[in-house]
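# Could you work out the structure for the sequence below:
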Amino acid sequence: MVCRCGIGSAQVTSFLESFRGDGQFTSVDGNIEGLNAPGWSISQYLAEPGSSVSVDEIEVTETGLQFSNTADGFNQVMRTQVSHAVKGLRSFTEEVAIDGLLFDIATGNPDASAGLRLWHEFEPPQGLQGFGLTLSLGNDLTGSSEFAYVEGNGPTVRKMVVPLGQNIAFGIDYDDDTGLLTTWYDNNTRDDISRPYGLTPIVYDGWDVFPQHTTQLSISAWTRATANGILEHWKLRPVSDVVGDFSGNQELDLADVELLTVAILNSTADEVFDLDGNKVVDQQDLTYWIHELKQTVIGDADLDGQFSSADLINVFQAGEYEDAIFRNSTWSTGDWNGDGEFTTGDLVVAFQDGGYEQSPQAAAYVVPEPSGMLGLLSSGLGLAAWRRNKSGPDPNANDLESGGSRHPNTLF
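Now for the predicted structure:
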């Protein structure tokens, strides 16, 4: 998912991508479908002196984006590259997780290596080209191999030898107020030790100079080496002082509900979305955000503080009630239970919440009279049927690449 949320006239990029093939978007390159967010560039190529060709050893699976890179020849490199544009980013946290990582290099060959690189690529007019971290397995001049975690580039490089793992995560945290930047590496995401490796934070001002740039992940194999694995998830989000503000604009708004919903759909383990502290990100967290943080009720589609007939009219006019498009609904178009769809279940949840035509304080979550509920539901369903009959079949319902259907991850 990508959220570009307004901060004054600026826009902020945030995404939570699972690469599991259950999303509505296709990569910019056109080769990978089922992404949660638009704007991804995903490619793979094989290069050697004098030539470079595209290859296709990447695919979306139920567990993530599977990649396979093998370089058989001398001075040959095979690389998978995944990137996304970033805009308006200040304080943020970024994390990439890879499962089943396999690095294999030719024994004794000082030119053989395999590596991962998470890099924020800036425009270079002032000589500041970017910043990030690299994790690589290589042979030294004696033929011994080591796995190293390297931060920075050129004169700013810092290095630490760390254990290679199969299920790993790594990332970058940045505090815009202090200018402190921290990189980290976790060699085993299956244990209880979080972020066991990291270098001392440094002061860095690149994001002030280049608020619009690209974040990029490269997985490479050089000269008789292999780099295989599954990109399990990649998330980038602004950091806010406001609890429940996942978009980083210092407000609680629809953008935050959409980000929370995608976190629920992706079964994320990110504790920032676990608002009720039960170690699970689920519908209860959505309810907590609505009741305790936003202080409103389920059914308040526009988050104006009340659930009224206007909300029902608006969600039915959006035309997504029980349509045939997978997970295309948002909070503002009727998805009130966090499953990405607008169905009868959302109406039941909203009326059971008891806030219809009452203030959140007065609602006390009392269910309205059955007769009133039935009348409202009948009117809404009638409107939905009328819209379907009036408009006819959606010619773009099954054409996701055409842009004919709007997805919950598109927030503007």
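# Could you list the low-pLDDT ranges of the stretch 101-250 of the chain?
The model of the stretch 101-250 of the chain has pLDDT under 70 over residues 123-129, 140-144, 154-155, 206-211.
# Strands of that one, start to end?
All strands of the stretch 101-250 of the chain, identified by DSSP state E, counting those that start in this stretch, fall at 113-121, 130-139, 145-151, 158-161, 168-175, 180-186, 197-198, 202-203, 212-222, 225-238.
# Would you format the ones you listed as TSV with mean neighbour count and distance to residue 17 included?
Every residue, glycine included, has its C-beta placed from N, CA and C. Conversion of the strands of the stretch 101-250 of the chain to TSV gives the following (neighbours: other C-beta atoms under 10 Å; distance: least, C-beta to C-beta, whole Å):
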stretch	mean neighbour count	distance to residue 17
strand 113-121	21	14
strand 130-139	21	18
strand 145-151	18	23
strand 158-161	12	28
strand 168-175	22	14
strand 180-186	20	19
strand 197-198	18	23
strand 202-203	12	28
strand 212-222	21	11
strand 225-238	23	5
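# TSV please, covering those strands and showing distance to residue 88.
Shown next, in TSV, are the strands of the stretch 101-250 of the chain (distance: least, C-beta to C-beta, whole Å):
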stretch	distance to residue 88
strand 113-121	14
strand 130-139	17
strand 145-151	24
strand 158-161	28
strand 168-175	13
strand 180-186	18
strand 197-198	26
strand 202-203	21
strand 212-222	7
strand 225-238	9
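# residues in contact with residue 193?
Going by C-beta atoms under 8 Å, 6 or more residues apart in numbering, residue 193 touches residue 186.
# How about residue 162?
135, 147-149, 185, 187, 197.
# which one of those residues is nearest residue 224?
residue 147 (17.4 Å; C-beta to C-beta).
# Can you tell me the closest non-neighbouring residue to that closest one?
Using C-beta to C-beta, 6 or more residues apart in numbering and skipping residues adjacent in sequence, the residue nearest residue 147 is residue 164, 4.0 Å away.
# Also residue 300?
residue 307 is the one closest to residue 300 (C-beta to C-beta, 6+ apart), at 4.7 Å.
# in the sheet, who's paired with the one you found?
residue 356 (DSSP bridges).
# measure it to residue 282 for me?
To residue 282, residue 307 is 22 Å away according to C-beta to C-beta, to the nearest Å.
# ok, these two, which is more surrounded?
residue 307 (27 against 15; other C-beta atoms under 10 Å).
# ok, the more buried one touching residue 290?
No. The pair residue 307 / residue 290 is not scored as a contact, 10.2 Å apart, by C-beta atoms under 8 Å.
# where do the contact lists of those two overlap?
In contact with both residue 307 and residue 290: 296-298, 300, using C-beta under 8 Å, 6+ apart.
# quick one: which of those residues is nearest to residue 17?
residue 298 (27.5 Å).
# Please tell me how far the nearest residue to residue 217 once chain neighbours are set aside sits from residue 29.
In space, and not counting its chain neighbours, residue 217 is closest to residue 82: 4.7 Å by C-beta to C-beta, 6+ apart. As judged by C-beta to C-beta, residue 82 and residue 29 stand 10 Å apart.
# Alright, that wraps it up for me.
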